[in-house]
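**Student:** Requesting a structural model of the entry that follows:
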Amino acid sequence: MDATTVDPETSLAHVLRSMQLSTSKPEEPLEGTTEEHQIGSTQYPHLFAIGDAADAFGAIAAGHTAHWQAEVAARNVLRLIKGESPLEKYKPGPPAIKVSLGLVRLSISYTIMYTKTDYVSFVET
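**Tutor:** Modelled structure (predicted):
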């Protein structure tokens, strides 16, 4: 495998928005292309990287993030098998906290971002 698929500084795998392995950083499309053209066109169309292994567009390293990346990657694997296009693009969600509540239940709390001014105005009302 090409060594340029991994960032030497972070040891994270470069991926496209489809979660497919890439030879360029996510913010640096392959020379002569835009990222839109790269989706589904990579040297490694059948290799995907998710979670803590992937340099995934600023997504935080957390289990719920890996879960959503896996959902996109799995659907894209099925699309490749069926010969369908275009592939789905991963988009990081808002920061969240996931708390397990036993074996079959969980709670996910998404953060609401306030500026100091917004927060003070909100508290005063």
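**Student:** give the contact list for Lys91.
**Tutor:** Contacts here follow Cβ atoms under 8 Å, 6 or more residues apart in numbering; on that basis Lys91 touches 17, 57. (Each C-beta comes from the backbone N, C-alpha and C, glycine too.)
**Student:** Check Ala49 too.
**Tutor:** Contacts of Ala49 (Cβ under 8 Å, 6+ apart): 13, 15, 19, 21.
**Student:** Roughly how far does it sit from Lys91?
**Tutor:** Going from Ala49 to Lys91 by Cβ to Cβ, to the nearest Å gives 16 Å.
**Student:** What of Leu78?
**Tutor:** As defined by Cβ to Cβ, Leu78 lies at a distance of 19 Å from Lys91.
**Student:** can you check Ala62 too?
**Tutor:** In this structure, Ala62 and Lys91 are 16 Å apart, going by Cβ to Cβ.
**Student:** cool, Asp7 as well?
**Tutor:** From Asp7 over to Lys91 the distance is 21 Å, taken as Cβ to Cβ.
**Student:** how about low-confidence regions in the chain?
**Tutor:** For the chain, the stretches flagged by pLDDT under 70 are 25-41, 98, 106, 108-125.
**Student:** Just want the most central residue of it.
**Tutor:** The residue at the geometric middle of the chain, judged as the C-alpha nearest the mean C-alpha position with Cα atoms, centre = their mean, is Ala56 (4.2 Å).
**Student:** In contact with that residue: list those residues for me.
**Tutor:** Taking Cβ under 8 Å, 6+ apart as the contact definition, Ala56 lies against 15, 19, 26, 50, 65, 69, 90, 92.
**Student:** Make sure the second one is actually in contact with Leu80.
**Tutor:** No: Met19 lies out of contact with Leu80 (Cβ atoms under 8 Å); the separation is 11.6 Å.
**Student:** Could you check which of these two has the larger neighbour count?
**Tutor:** Per other Cβ atoms under 10 Å, whichever of Met19 and Leu80 has more neighbours is Met19, with 28 against 17.
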